[in-house]
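Visitor: need coordinates for the following:
(chains A, B, C and D)
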Number of protein chains: 2
Amino acid sequence: MINDLKKSYGHLFEDALLDEIVEVGTYKEIPEGFKMMEIGEYVKSMPLLISGAIKVLREDSEGDELLLYYLERGETCSLTMTCCLGQKKSEIRAIAETDATLIMIPVAKMEEWTAKYKSWRNFVFESYHNRINELLTTLDSIAFYQMDERLVKYLKEKVRVNDSNIIKSTHQEIAYDLYTSRVVISRLLKKLEQLGKIELNRNVIKIISL
Amino acid sequence: MINDLKKSYGHLFEDALLDEIVEVGTYKEIPEGFKMMEIGEYVKSMPLLISGAIKVLREDSEGDELLLYYLERGETCSLTMTCCLGQKKSEIRAIAETDATLIMIPVAKMEEWTAKYKSWRNFVFESYHNRINELLTTLDSIAFYQMDERLVKYLKEKVRVNDSNIIKSTHQEIAYDLYTSRVVISRLLKKLEQLGKIELNRNVIKIISL
DNA sequence: TAACCAATGTAACCTAGGTTACTGCAAAAT
DNA sequence: ATTTTGCAGTAACCTAGGTTACATTGGTTA
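Guide: I've put the predicted structure just below:
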């Protein structure tokens, strides 16, 4: 655990803090598809992501979803942070996009470290900054871009996060993430295929060049 | 200044912190329409809002705007906070919606107080939480609601923020805030008038009941 | 008063993308 | 081998809302 931790966070945290994290944190491995957080739930500890990726979703009144962003190595969920500290309910759902490993930190320590370690404060503020910027980027996509552009962005992001140009998703799954219908996604994917940018097969999309 | 400060923040901050704020903060009065922050600018101090309201906007690549949310008494701009601390450029534009008064805090103190005062830490985290929730609400509006519903929400919010059921805006101004065209807004407002929910006059909308 | 200008009303039109319905297929289950 | 099930392709259709164009109206300025 200590090695994984140093690889992802060693450059961010001072040694004393790293020691404390090893002491009070619990190491967890979670499988792809595992639901880590649900809307309306209270959260009692905060995750530091060591490997893998977590997708963060928002839900409408009908239960349909919209992908907000992915969390990756070296990141944490700022939304969780405030939930912990303020005893608030979660506003989002979080699901493991890939197998992932992480370290869970109990709430009490977070508050303590914020007073004690400058590097922790920087990390926390930096996280907020990054999360807010991700939210703004997502908002830009939805407000300013059309579906064909949003789809291309989505595919690029998926390639990056999964580190593979083979995307194993159904059209329906993509439609959920982009908050639209399957037919629309099939239509737009077909166009991309005709342009030679992707190849379509059952359950699989191969990205050629976007 | 000390009285205004206590009225808005007295219940949040311990006395020692209030004293420090009075000591290092500078009191400012700004007129309606004043641009407080521009996209791409660096920020060197953080505002605590005493009275009035600030509108926070996002811009697309063409320069067209979208209203994100309003800041009100007792609030601060979390986006500014991270900009200050991380020496980052602003991602948003902020404009005084009404005449406003505020206290500006130099960056250096913010970092110091985060270590020193628990009440300041709580305030900062609470601010982030509120801002993120506002962003999520805005995102919901855009992703999940149609323009007629967004317009009604907008009018309600405007009534609340300006504390008046007379809205002094042109249709064009509303269209800018909602990132749509003037014709669409005129169309929808006319429908609301026909339903007896509002009254339309040049430059003025009177809200009856929404 | 006449000329002007910004705000609004409205019609006609267009397009992205949401909806419904049905097809063919591949893979899994029996 | 046959049935079942889920995925993808596609056509036909519909609607919200964006676009263009022009008329009207009220306030402002010459």
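
Visitor: which SSE is immediately downstream of the lowest-mean-pLDDT helix or strand in chain A?
Guide: Ranked by mean pLDDT, DSSP states H and E, the weakest helix or strand in chain A is helix A:78-86, scoring a mean of 77. For helix A:78-86, the following helix or strand on the C-terminal side (DSSP states H and E) is strand A:93-96.

Visitor: centre of the chain to the helix or strand following that next one, how far?
Guide: Sequence-wise, the next helix or strand downstream of strand A:93-96 (DSSP H and E) is strand A:100-106. How far strand A:100-106 lies from its chain's middle: 14 Å, per Cα atoms, centre = their mean, to the nearest Å.

Visitor: again with stretch A:86-104
Guide: Distance, centroid of stretch A:86-104 to centroid of chain: 8 Å (Cα atoms, centre = their mean).

Visitor: what helices or strands is the least confident helix or strand of chain A leaning on?
Guide: In terms of contacts (3 or more Cβ pairs under 8 Å, 6 or more residues apart in numbering or on different chains; DSSP states H and E), helix A:78-86 is packed against strand A:45-51, helix A:107-116, helix A:118-144, helix B:118-144. In this view, the C-beta of every residue, glycine as well, is placed from N, C-alpha and C.

Visitor: the second one to strand A:45-51, inter-axis angle?
Guide: Taking axes from the mean of the first three to the mean of the last three Cα atoms, to 10 degrees, one finds helix A:107-116 and strand A:45-51 inclined to each other by 80 degrees.

Visitor: now helix A:107-116: mean pLDDT?
Guide: Mean pLDDT, computed over helix A:107-116, is 90.

Visitor: just the CA trace of that helix, in PDB.
Guide: Extracted C-alpha coordinates of helix A:107-116, given in PDB (Å, rounded to 0.1, in the frame of the first residue of the first chain):
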ATOM      1  CA  VAL A 107     -13.800  12.100   8.100                       C
ATOM      2  CA  ALA A 108     -12.300  13.100  11.400                       C
ATOM      3  CA  LYS A 109      -8.800  13.100  10.000                       C
ATOM      4  CA  MET A 110      -9.600  15.300   7.100                       C
ATOM      5  CA  GLU A 111     -10.600  18.200   9.300                       C
ATOM      6  CA  GLU A 112      -7.500  17.600  11.500                       C
ATOM      7  CA  TRP A 113      -5.100  17.500   8.500                       C
ATOM      8  CA  THR A 114      -6.600  20.700   7.000                       C
ATOM      9  CA  ALA A 115      -5.400  22.600  10.000                       C
ATOM     10  CA  LYS A 116      -2.100  20.700  10.300                       C
END
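
Visitor: what is it packed up against?
Guide: helix A:15-24, strand A:45-51, helix A:78-86, helix A:118-144, helix B:107-116, helix B:118-144.

Visitor: likewise the shortest one?
Guide: With contacts defined as 3+ Cβ pairs under 8 Å, 6+ apart, the secondary structure elements packing on strand A:45-51 are helix A:2-9, helix A:78-86, strand A:100-106, helix A:107-116.

Visitor: can you lay out those as JSON lines showing distance to DNA strand C?
Guide: Formatted as JSON lines, those follow (distance: least, Cβ to the nearest atom of the strand, whole Å):
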{"stretch": "helix A:2-9", "distance to DNA strand C": "34"}
{"stretch": "helix A:78-86", "distance to DNA strand C": "26"}
{"stretch": "strand A:100-106", "distance to DNA strand C": "25"}
{"stretch": "helix A:107-116", "distance to DNA strand C": "40"}
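
Visitor: which of these sits most buried?
Guide: helix A:78-86 (a mean of 22; mean count of other Cβ atoms under 10 Å in any protein chain shown).

Visitor: wait, what's in contact with the residue nearest to residue A:139 when sequence neighbours are not counted?
Guide: Nearest non-adjacent residue to residue A:139, counting by Cβ to Cβ, 6 or more residues apart in numbering or on different chains: residue B:139, 5.3 Å away. By Cβ atoms under 8 Å, 6 or more residues apart in numbering or on different chains, the residues touching residue B:139 are A:58, A:66, A:68, A:135, A:138, A:139, A:142.

Visitor: coming back round to it: which one of the helices and strands packed on helix A:107-116 has the poorest average confidence?
Guide: helix A:78-86 has the lowest average pLDDT among these, namely a mean of 77.

Visitor: please name the bridge partners of the residue nearest to residue A:28 when sequence neighbours are not counted.
Guide: Ranked by Cβ to Cβ, 6+ apart and with sequence neighbours excluded, the top spatial neighbour of residue A:28 is residue A:102, at 5.5 Å. Assessed by DSSP bridges, residue A:102 has beta-bridge partners residue A:28, residue A:49.

Visitor: for residue A:102, list the residues it contacts.
Guide: A:27, A:28, A:30, A:47, A:48, A:49, A:50, A:52 are the contacts of residue A:102 under Cβ under 8 Å, 6+ apart.

Visitor: next, the last one: phi, psi?
Guide: So the one you mean is residue A:52. phi 90, psi -170 (degrees, to the nearest 10).

Visitor: I figured it hits residue A:95, correct?
Guide: No - contact between residue A:52 and residue A:95 fails when scored by Cβ atoms under 8 Å: they sit 11.4 Å apart.

Visitor: these two - which one has more neighbours?
Guide: residue A:52 (21 against 17; other Cβ atoms under 10 Å in any protein chain shown).

Visitor: list the contacts for the nearest residue to that one once chain neighbours are set aside?
Guide: Nearest non-adjacent residue to residue A:52, counting by Cβ to Cβ, 6+ apart: residue A:100, 2.7 Å away. The contact partners of residue A:100, by Cβ under 8 Å, 6+ apart, come to A:29, A:30, A:49, A:50, A:51, A:52, A:53, A:54.

Visitor: most neighbours among those residues, please name it.
Guide: residue A:54 (25 neighbours).
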